[in-house]
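>>> Got a predicted model here, sequence first, then my questions.
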Amino acid sequence: MKTKFLLLLSLFVLFTTACSDDEEKVITPETLVGTTWSYSVDKNTYTIQFNADSFVTMDYLESEDGAKSHASTSGTYNYLMPTVTLVYATDEGTVIGLVEGDEMTVTIHGEERLYILLDLSI
């Protein structure tokens, strides 16, 4: 009887103890605010930052032939999980993104870009 009790107790501890935090991050409209996402290709880096009041900024740091250039644009966003709609006043226009955990796939001018969440404290 004592052996069965110890076996059941061991199984209980085994199944109720988590090994690590392997759960995928869930980005809600509330936790999206204040996050920064980054996409890099070649020597170019693009970041998107979601701010309060549905305001979004996109920064570009591009390097070509040793010359670096920086540009920034802003706009608004609407997030209905898992789709985020970004509306810019520049040639990007309206851009659709799909948020999956700490990754966001954004299609700009027909090119699919995978942005990674930089702020992992969510």
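Great, that's in hand.
>>> Buried ones in the strand or helix carrying Ser63, by neighbour count?
Here Ser63, judged by DSSP states H and E, is contained in strand 55-64. Across strand 55-64, burial judged by 16 or more other C-beta atoms under 10 Å covers Val56, Met58, Asp59. Where you see a C-beta, it was placed from the backbone N, CA and C, and this is true even at glycine.
>>> what are the bridge partners for the last one, then?
Beta-bridge pairing of Asp59 under DSSP bridges involves Thr47, Ser72.
>>> Would you check that it makes contact with Asn44?
No. Asp59 sits out of contact with Asn44 when judged by C-beta atoms under 8 Å, with a separation of 11.2 Å.
>>> Now the strand holding Ser63: average pLDDT?
Here strand 55-64 scores 90 as its mean pLDDT.
>>> and the nearest residue to Leu61 once chain neighbours are set aside, helix, strand or coil?
Leaving out its chain neighbours, the residue that sits closest to Leu61 by C-beta to C-beta, 6 or more residues apart in numbering is Thr45, at 4.6 Å. Assigned with DSSP: H, G, I helix; E, B strand; the rest coil, Thr45 falls in the strand class.
>>> got a list of what Thr45 touches?
Contact analysis of Thr45 by C-beta atoms under 8 Å, 6 or more residues apart in numbering lists Ser38, Tyr39, Tyr60, Leu61.
>>> So which of those is the closest to Asn51?
Nearest to Asn51, judged by C-beta to C-beta, of those is Ser38 at 16.0 Å.
>>> Check which helices and strands the helix or strand where the closest one lies is in contact with.
Ser38 is part of strand 36-41 when elements are defined by DSSP H and E. Counting contacts by 3 or more C-beta pairs under 8 Å, 6 or more residues apart in numbering; DSSP states H and E, strand 36-41 packs against strand 44-50, strand 111-117.
>>> tell me the angle the first one makes with strand 55-64.
So the one you mean is strand 44-50. 170 degrees (axes from the mean of the first three to the mean of the last three C-alpha atoms, to 10 degrees).
>>> Same question for strand 44-50: list its buried residues.
Tyr46, Thr47, Ile48, Gln49, Phe50.
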